[in-house]
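**Q** sequence unknown, structure follows:
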């Protein structure tokens, strides 16, 4: 298994990325697990040297890429204008089912580069990013799409349901996943035009559809294992969860200075609070797979530091044990409403 | 000033609602501040008796309404079929600028009843609900629309900006409010078709537009005082914030049993945690105004218990000191792109 890692992505390239790569190699015992660092070769070699990769060095290789894609570029333009970028070269280097590409760069550019260089799985209209979130009471929930396809159609949403279902079955290990649609109310009459039409389509499939899911139930005990939403809405949602968690911790810290009792409690609890903050941050989620394209591509959060990259690599490695593109292709083919 | 209060709305009618009304009368010193309980008169009179309103009883009056609108009805149908409901009768009873209507019922039905019985302010295309949220570092922020108008157009969003601006100036007391658009990235190239077109329209106004605002910045230190969004997205957002907060507290409580140190800290901090949970819940926000209609209508959260209703009444009372519909009318008229 080989991970192609974009070292020129995210907020602190390439050091934090390479640090994460070395941590991942330390954590995985499998000697077949290798990492190719995609980026300026000389710079990357020097970082590996500096970070003292030790005996893990033998499992690291290099793919030179001279250009970098920034967060400000328009995705399609950025990909077109930077054929020598770490993003484009890394994705182009995917040749085998055992190879995975991970970038913590501009999500839009990753999607554009994947569509342009790998292409969509036959029958899939638009790709979707599948986020996996921890819940307080009922394990993990898959949320798709969290930002690959804005302005998605009802048919796109129904396909997100099919792809999310495949992912939940294989990678998350849910036997017969329950599928719901993210909505502003549980009642059938609630929602916008898009969600109502998407629900009509999903009901025509053999997915185990369980109804609308409201955002405030998602992190506690959601009624579904896979929750489908439009890419713009899904991206707003995960950033709002992050904001809600950060806000809560912020208000909590403020409250901790409100009384002597609270101050003492705060001192005792500082390590617990820090642990919690990490648990709820993006870095814990690792990376999210871009489903619907012919290849295995993961997007990590731009603010990812070494630990997040390490998690991303380890999680992505897990996912590559399944032939996700193959599974999705047969599922999309089987559910015939797509072309109906 | 008179508050018309829908006692048959929310999850625990009419007791919690009437309890909140009595608490509000206890808190407000103004003897001109009166409350009319709209609902089954006999039942409401009995509750006032049971709850021992004492000398505040003289400031309570009754408007009989025999029907109730449930959360499951389709808004337009519910309003049409229930002319004797507390919702419809209460809204119809608004005759004067000093009168306010508050319901914690079905948001869609409140919007439909207000549009049908009060009508829109001239020039306003669609109404918007303006939520006011506390932030950790920079006071309150106005978020509009949080659920009145799903499937809103770019023009609707621009008008939400104008109405939110009026609200922030008068009720919140921001002198020259900064206006932003809720988006999935801060860069100008980010967003969907709707946000991009809305930004183009808002730039043509004299609103102080400051750019895109990402959800995770909203609760900490948002760059804007007024943040504009589509109704479906805004409703998802506030429910995600609530979910993020509940999730954080849930994970925190789990973490508190992880070690002896954490257990001790948790015991000491229990009162602080409870306070925080209340602070971040809907009940603290009180009620949100429905802007764009000819009259002052507030919507409280369905899960509102007495304290939330009390806050709703007190906040709404504050807002009625300004002639919001009048201000919005002149602002909409002044900004002429609306009909251009």
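**A** Received, thanks. Bear in mind that the values here come from a model prediction, so they are computed numbers and not experimental data. Numbering: from 1, shown residues only, chains lettered A, B, ... in the order given.
**Q** And the strands in the stretch 151-300 of chain A, which stretches?
**A** Taking DSSP state E, counting those that start in this stretch, the strands of the stretch 151-300 of chain A run over residues A:178-182, A:208-213, A:226-228, A:287-291, A:296-300.
**Q** Tell me which strands the helix or strand where residue A:100 lies pairs with, and in which orientation.
**A** Using DSSP states H and E, residue A:100 falls within strand A:99-103. Strand pairing for strand A:99-103, using DSSP bridges, gives strand A:2-6 (parallel), strand A:296-300 (parallel).
**Q** The closest residue to residue A:158 other than its chain neighbours and chain B, how far apart?
**A** Distance criterion Cβ to Cβ, 6 or more residues apart in numbering or on different chains; nearest residue to residue A:158, sequence neighbours excluded, is residue A:201 at 3.9 Å. Backbone N, C-alpha and C define where each C-beta goes, glycine included. Distance check for residue A:201 against chain B: by Cβ to the nearest Cβ, to the nearest Å, it reads 18 Å.
**Q** Kindly report the same for residue A:158.
**A** 18 Å.
**Q** And residue A:118, by the same measure?
**A** In terms of Cβ to the nearest Cβ, residue A:118 sits 23 Å off from chain B.
**Q** Distance of that residue relative to residue A:192?
**A** Between residue A:118 and residue A:192 the computed distance is 32 Å (Cβ to Cβ, to the nearest Å).
**Q** Contacts for the strand holding residue A:100, please.
**A** Under the criterion Cβ atoms under 8 Å, 6 or more residues apart in numbering or on different chains, residues A:1-6, A:9, A:86-87, A:90-91, A:93-94, A:110, A:287, A:295-300, A:309, A:312-313, A:316-317, A:319-320 lie in contact with strand A:99-103.
**Q** Now the element after that strand, going C-ward?
**A** Downstream of strand A:99-103, the first helix or strand assigned by DSSP H and E is helix A:107-117.
**Q** now the helix or strand following that next one and strand A:296-300, what's the angle there?
**A** Per DSSP H and E, the first helix or strand lying C-terminal to helix A:107-117 is strand A:128-134. Strand A:128-134 runs at 60 degrees relative to strand A:296-300, counting by axes from the mean of the first three to the mean of the last three Cα atoms, to 10 degrees.
**Q** quick one: the very next helix or strand once past strand A:128-134 to chain centroid distance?
**A** Once strand A:128-134 ends, the next helix or strand along the chain (criterion: DSSP H and E) is strand A:140-144. The chain centroid and the centroid of strand A:140-144 are separated by 10 Å under Cα atoms, centre = their mean, to the nearest Å.
**Q** got it, and stretch A:144-164?
**A** That offset, for stretch A:144-164, works out to 14 Å (Cα atoms, centre = their mean).
**Q** now it: mean pLDDT?
**A** If you average the pLDDT over stretch A:144-164, you get 96.
**Q** Check the gap between the nearest residue to residue A:296 once chain neighbours are set aside and residue A:199 for me.
**A** Nearest residue to residue A:296, sequence neighbours excluded (Cβ to Cβ, 6+ apart): residue A:100, at 4.5 Å. Using Cβ to Cβ, we find residue A:100 at a distance of 33 Å from residue A:199.
**Q** check contacts around the residue positioned nearest the centre of chain A.
**A** Residue closest to the mean C-alpha point of chain A, counted by Cα atoms, centre = their mean, is residue A:288 at 1.4 Å. Neighbouring residues of residue A:288 by Cβ under 8 Å, 6+ apart: A:129-132, A:146, A:298-300.
**Q** do that again at 10 Å, thanks
**A** Contacts for residue A:288 were tallied using Cβ atoms under 10 Å, 6 or more residues apart in numbering or on different chains; they are A:107, A:128-132, A:142-148, A:238, A:282, A:297-301, A:312, A:315-316.
**Q** out of the residues you listed, which are buried?
**A** Among the contacts of residue A:288, the ones that count as buried by 16 or more other Cβ atoms under 10 Å in any protein chain shown are A:107, A:128-132, A:142-148, A:238, A:282, A:297-301, A:312, A:315-316.
**Q** What about the closest residue to chain B within chain A, how many residues nearby?
**A** Residue nearest to chain B within chain A: residue A:244 (1.9 Å; Cβ to the nearest Cβ). Here the number of neighbours of residue A:244 (other Cβ atoms under 10 Å in any protein chain shown) works out to 31.
**Q** Residue B:307 versus that one, what's the distance?
**A** 21 Å.
**Q** Likewise for residue A:133?
**A** 31 Å.
**Q** Save the strands paired with strand A:99-103 as TSV, and put in mean pLDDT too.
**A** Converted to TSV, the strands paired with strand A:99-103 look like this (pLDDT from 0 to 100):
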stretch	mean pLDDT
strand A:2-6	95
strand A:296-300	93
